[in-house]
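**Student:** My questions concern the predicted model and sequence given below.
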Amino acid sequence: MTIILASGSPRRRKLLSNAKLELDVMSVDIDETPNDNESPKEYIQRMIAAKADAAIMQLKTNYHHDSFKSCKLATSFIVLTADTIGVLPDGHTVLVKPADRAHAYRMWQQMSDSSHQVWTAVQATLVSFTDEVKELNDRPLKAVWQKQIIESTDVTFVPLTQNMMRNYWDSGEPADKAGGYAIQGLAAAWVTRINGSYTNVVGLPLAQTLALIDEAAKVQKSKNKQT
Ligand SMILES: Cc1cn([C@H]2C[C@H](O)[C@@H](COP(=O)(O)OP(=O)(O)OP(=O)(O)O)O2)c(=O)[nH]c1=O
C-alpha cells in the first residue's frame, strides 16, 4: 500500500517513520488564513481537505517525478494530510502559527496558567489512477474515498512571565508551531499536565492515524477486488 504524506512537518514525518511506515512525502502550500466567523471545526476540516486537493493537483503533473517513486507503480495510493491548531476555552478562538513576536505573546498570555485544547485533524484520501496515460504529465487521478478524524488533547500551562516568553521567542522554536509552542521541545517546561494523546499535540495522533490508514487500506483492497 503506497502512502504519500503531504506535509512539510518534520514532526509528522518522524512520527510516521517511527511507526515503521514506508511512505513518500511531499509538501503542499495553501493559504491557512482562517475565514471570518469560521468555527475551529470548520477551519481545520477545510485545511486538511484543501491540503489533500493541492497534493492531488500537484501529483497530476508531477507523478512521474522520481520522488513519487512508489506511487507510479501503484494502481491507487493514500494521501495523508493533517492540520494542528490550538483552541481556547471559549471554544471559538483558534491558535495558529505566530505571525510575529507580538502575536505569539498574545496567544501565550491567553494560555498562561490555564488549560487550552490542541486539535489535530487528519484526512486519508484514497486516490486511484484512471484510464490509460493520455499524456506523460497529466495522468488522470481521482479521489475515490476519503475520511477525516479530529483528535483533541487538553493542555495546561504554568503561569508565564515576560522573561519566559522573551526567552522562548528568542529561541526560534515558536515560529512554525501552532499556538507558538512545541510540547516536545523547550515548552515541555510550560506544561503541567495533558489529558489525551501526546502525539496529537506534537502534530499527529499516531494511534488514531494508524487506524485510519488501516481503514483506508481495507477500502483499497475491497475496491481492487471489484475491478
Ligand atoms: C502544539 C504543537 C504544534 N506543533 C507543530 C505541528 C505542526 O507541524 C505545526 C502546526 O502547523 P500545521 O499547519 O498543522 O502543519 P505544518 O505547517 O507544520 O505542516 P503542513 O501544513 O505542511 O502539514 O505545529 C509541534 O510541533 N508541537 C506542538 O506542541
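**Tutor:** Thanks, I have it.

**Student:** Spatially nearest residue to the residue positioned nearest the centre of the chain, not counting backbone neighbours?
**Tutor:** Centroid-nearest residue in the chain: A82, 2.1 Å away (criterion: Cα atoms, centre = their mean). Counting by Cβ to Cβ, 6 or more residues apart in numbering, the nearest residue to A82 once its immediate chain neighbours are dropped is V122, at 4.8 Å. Every C-beta, even on glycine, is put in place using the N, C-alpha and C of the backbone.

**Student:** Name the helix or strand for the one you found, please.
**Tutor:** Element membership for V122, per DSSP states H and E: strand 115-129.

**Student:** Note down every partner strand of that strand and its orientation.
**Tutor:** Take DSSP bridges as the rule and strand 115-129 pairs in its sheet with strand 76-87 (antiparallel), strand 141-157 (antiparallel).

**Student:** Mind listing what's buried along that strand?
**Tutor:** Within strand 115-129, the residues that count as buried by 16 or more other Cβ atoms under 10 Å are 116-129.

**Student:** Stretch 29-46 too?
**Tutor:** Here stretch 29-46 shows 30, 34, 40, 43-46 as buried, counting by 16+ other Cβ under 10 Å.

**Student:** can you check stretch 210-219 too?
**Tutor:** Within stretch 210-219, the residues scored as buried using 16+ other Cβ under 10 Å are 212-213, 216, 219.

**Student:** distance of the residue nearest to T156 when sequence neighbours are not counted from P89?
**Tutor:** Nearest residue to T156 in three dimensions, chain neighbours excluded: S115, at 4.4 Å (Cβ to Cβ, 6+ apart). Counting by Cβ to Cβ, to the nearest Å, the gap from S115 to P89 is 7 Å.

**Student:** returning to that earlier point: so which of the buried residues of stretch 210-219 reach the ligand?
**Tutor:** Here nothing survives when the buried residues of stretch 210-219 are matched to the ligand using Cβ under 6 Å from any ligand atom.

**Student:** Out of the residues you listed, which sit inside helices?
**Tutor:** 212-213, 216, 219 (DSSP state H).

**Student:** of these, closest to I56?
**Tutor:** The closest of those to I56 turns out to be A216 (Cβ to Cβ; 14.6 Å).

**Student:** For the closest residue to that closest one other than its chain neighbours, give me its contacts.
**Tutor:** Counting by Cβ to Cβ, 6+ apart, the nearest residue to A216 once its immediate chain neighbours are dropped is A124, at 4.3 Å. A124 is in contact with 78-80, 146-147, 212-213, 215-216, counting by Cβ atoms under 8 Å, 6 or more residues apart in numbering.

**Student:** Also T153?
**Tutor:** So T153 contacts 117-118, 194-198, 200-201 (Cβ under 8 Å, 6+ apart).
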